[in-house]
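Undergrad: sequence-free structure coming up:
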């Protein structure tokens, strides 16, 4: 049984992208609630169906059916209510990839409380900001001393936080969840009257990764999960009774893109590997051992995977791979295809939405292209004056919402009317990202609006230069930025992390500059090259070009970068 078909107008196999784009349409159910309308439905009609396959580095593994998730989330809901959580309350979940995350988030949906997933890499000031901005009432965490210590330090400046809950062992003022959980009832009726959550209530709140400034609070309502039917079924291509792995930690929106809503709606189980550090060989072992059928990871992960010998692993069950989170270099695409025979399907989206642009079944994949607009999204590229750009002309990616608002697009920034109004100005949602359409209607990513480099009258995309540099065997990662210059306006700078076996030197700097000159227009070549051990990144793994620019201006924050993507070790 798959449930997504009950929520779309046409229960059919779409013959082409054009057919999918034209005819796919989501029905608007009355007071949809993912907990009752999806989890409990599966539990009632197909209780033994796999929902979650979980393992960790210690060798522990567990398989949860929908009947399990239904019962456990009901007991967890009773636990939350017993500790004062009601409809509209905010609860922060710092659970990495612990299986309790699924119990808690579904339980919060049952109650109508606001789930706020957060990463375990937050420090005290990060936590204080979130506690106060969202008026968080409870924080749930696992027994990692450093994580829980940072949470405890935040309490002095967090007056709304009333309860700390640990899913691990006893710790001081923390409520031990598993001890209390055992005595909780597994009966939790659907709330009625004013206590019942509605479609428009806030269900989920995410703090964006903050490539500049403080994170914004992105709010999604109870209809948001239905937008991920496209994410899972038509981009990730998950299959009924398959097993899908999305790498993301549960603190980020990409987790519910790939570890929950769309996959379960489409009948696929999700695989969660609660790793303490990312090791490419171990990840491939897990994919092979558990027979993962579909896989999603950011390009950074694929850059490490393609350095492995794929012949050592039985990947015969792996049928479809996708990528998002940052732009995909064609070089990474080609090397992965050479080793696996699988063409990665790239997509573009934001915390504020679901898949906005993607490569969908039936489309020819153009390596390096984001694909075409997703079903339900009216995407355009506009100039600074608001006119639609011609093919090949760079402009801002916008979503037209004057006729219809797409499922999955956020309802606004939490308690910030001015920021919401600016984002939705003129009947458009402004993404803040730059791209262009080619003559075939495919979109090509350029960068954030403030990342574009203007040098001697030329507009230069950082991604274009990075894509060339990534082809050089010496380059593991790179970030291209603009440095202020009186003559040219800006100079192109490349900040580079080298592969093992290469050492920084003047001759390598010149070699890389010449390499770019020979691969693309000479005005794009980096006039400044800096070799570093790591790139500054957000805690979700996105490169902070803004930090590099601030450093070059002498205005970089004093706090050292601590935001490597998955604590990568090779």
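TA: That came through, no problem. If you're wondering where the values come from, they're calculated on a predicted model, not measured in any experiment.

Undergrad: end-to-end on stretch 12-32?
TA: Taking C-alpha to C-alpha, to the nearest Å, stretch 12-32 runs 23 Å from one end to the other.

Undergrad: What segments of the stretch 51-200 of the chain are strands?
TA: 61-65, 90-94, 114-117, 136-141, 163-166, 175-176 (DSSP state E, counting those that start in this stretch).

Undergrad: Next: the stretch 201-350 of the chain.
TA: Under DSSP E, counting those that start in this stretch, the stretch 201-350 of the chain gives strands at 202-207, 217-221, 243-246, 269-274, 294-296, 320-323, 345-349.

Undergrad: and those as CSV, adding distance to residue 100 and mean neighbour count?
TA: For glycine as for every other residue, the C-beta is placed from the backbone atoms N, C-alpha and C. As requested, the strands of the stretch 201-350 of the chain are exported to CSV (distance: least, C-beta to C-beta, whole Å; neighbours: other C-beta atoms under 10 Å):
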stretch, distance to residue 100, mean neighbour count
strand 202-207, 17, 24
strand 217-221, 21, 22
strand 243-246, 18, 25
strand 269-274, 11, 23
strand 294-296, 22, 26
strand 320-323, 27, 22
strand 345-349, 27, 24
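
Undergrad: Just send those strands back as TSV, with mean pLDDT too.
TA: Converted to TSV, the strands of the stretch 201-350 of the chain look like this (pLDDT from 0 to 100):
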stretch	mean pLDDT
strand 202-207	96
strand 217-221	97
strand 243-246	98
strand 269-274	98
strand 294-296	98
strand 320-323	97
strand 345-349	96
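
Undergrad: Include distance to residue 367 when you put these into JSON lines, please.
TA: As requested, the strands of the stretch 201-350 of the chain are exported to JSON lines (distance: least, C-beta to C-beta, whole Å):
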{"stretch": "strand 202-207", "distance to residue 367": "30"}
{"stretch": "strand 217-221", "distance to residue 367": "30"}
{"stretch": "strand 243-246", "distance to residue 367": "21"}
{"stretch": "strand 269-274", "distance to residue 367": "27"}
{"stretch": "strand 294-296", "distance to residue 367": "17"}
{"stretch": "strand 320-323", "distance to residue 367": "11"}
{"stretch": "strand 345-349", "distance to residue 367": "8"}
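
Undergrad: I'd like to know which of these is closest to residue 164.
TA: strand 202-207 (18.9 Å; C-beta to C-beta).

Undergrad: Output the contacting helices and strands for the closest one.
TA: On a contact count with 3 or more C-beta pairs under 8 Å, 6 or more residues apart in numbering; DSSP states H and E, strand 202-207 meets strand 114-117, strand 217-221.

Undergrad: tell me the angle of it relative to strand 217-221?
TA: 160 degrees (axes from the mean of the first three to the mean of the last three C-alpha atoms, to 10 degrees).

Undergrad: any chance of the strands of the stretch 51-200 of the chain in TSV, plus mean neighbour count and distance to residue 354?
TA: Shown next, in TSV, are the strands of the stretch 51-200 of the chain (neighbours: other C-beta atoms under 10 Å; distance: least, C-beta to C-beta, whole Å):
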stretch	mean neighbour count	distance to residue 354
strand 61-65	15	25
strand 90-94	25	20
strand 114-117	24	16
strand 136-141	25	25
strand 163-166	19	30
strand 175-176	16	34
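
Undergrad: Could you point out which of those strands sits nearest residue 365?
TA: Closest among the strands of the stretch 51-200 of the chain, using C-beta to C-beta: strand 114-117, at 31.0 Å.

Undergrad: before we move on, the earlier item: rebuild the strands of the stretch 51-200 of the chain as TSV, extending it with mean pLDDT.
TA: Output for these, formatted as TSV (pLDDT from 0 to 100):
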stretch	mean pLDDT
strand 61-65	98
strand 90-94	98
strand 114-117	98
strand 136-141	98
strand 163-166	98
strand 175-176	98
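
Undergrad: Nearest to residue 400 among those would be which one?
TA: strand 114-117 (28.9 Å).

Undergrad: Roughly how far does residue 438 sit from residue 370?
TA: As defined by C-beta to C-beta, to the nearest Å, residue 438 lies at a distance of 11 Å from residue 370.

Undergrad: swap in residue 110?
TA: For residue 110 relative to residue 370 (C-beta to C-beta), the value is 36 Å.

Undergrad: same question, residue 261
TA: Distance from residue 261 to residue 370, by C-beta to C-beta: 22 Å.

Undergrad: likewise residue 289?
TA: 32 Å.

Undergrad: okay, those two: which has more neighbours?
TA: Comparing residue 289 with residue 370 by other C-beta atoms under 10 Å, the one with more neighbours is residue 370, at 25 against 12.

Undergrad: isn't that one right up against residue 443?
TA: Yes. With contact defined as C-beta atoms under 8 Å, residue 370 counts as touching residue 443 (4.8 Å).

Undergrad: longest single helix anywhere in this structure?
TA: Counting by DSSP state H, the longest helix found in the chain is helix 66-82.

Undergrad: How about it, which residues are buried there?
TA: 66-81 (16 or more other C-beta atoms under 10 Å).

Undergrad: Among those, which one sits closest to residue 126?
TA: Closest to residue 126, out of all of the buried residues of helix 66-82 and judged by C-beta to C-beta, is residue 80, at 23.8 Å.

Undergrad: Return the residues in contact with that closest one.
TA: 91, 104, 107-108, 111, 113, 138 (C-beta atoms under 8 Å, 6 or more residues apart in numbering).

Undergrad: what do residue 438 and residue 370 both touch?
TA: In terms of C-beta under 8 Å, 6+ apart, residue 438 and residue 370 are both contacted by the residues residue 444.

Undergrad: and the residue found closest to residue 346 once you drop the neighbours it is linked to in the chain, how far is that from residue 347?
TA: Excluding its sequence neighbours, the residue lying closest to residue 346 (C-beta to C-beta, 6 or more residues apart in numbering) is residue 328, at 4.8 Å. From residue 328 across to residue 347, the span is 10 Å (C-beta to C-beta).

Undergrad: do the same with residue 323
TA: With C-beta to C-beta as the criterion, residue 323 and residue 347 are 8 Å apart.

Undergrad: Equivalent analysis for residue 543, please.
TA: Distance from residue 543 to residue 347, by C-beta to C-beta: 19 Å.

Undergrad: now residue 476
TA: 24 Å.

Undergrad: what's the answer for residue 282, then?
TA: Counting by C-beta to C-beta - residue 282 and residue 347 are separated by 26 Å.

Undergrad: Equivalent analysis for residue 452, please.
TA: On the measure of C-beta to C-beta, residue 452 and residue 347 end up 22 Å apart.

Undergrad: in the stretch 151-300 of the chain, which spans are helices?
TA: Using DSSP state H, counting those that start in this stretch, the helices of the stretch 151-300 of the chain run over 177-181, 224-229, 253-258, 261-265, 280-289, 299-305.

Undergrad: Of all the ones you listed, which one comes closest to residue 9?
TA: helix 224-229 (11.7 Å).

Undergrad: Let me know the secondary structure of the residue of the chain most remote from its centre.
TA: Most distant from the centre of the chain: residue 487, at 39.7 Å, with distances by C-alpha atoms, centre = their mean. Following DSSP: H, G, I helix; E, B strand; the rest coil, residue 487 is assigned to coil.
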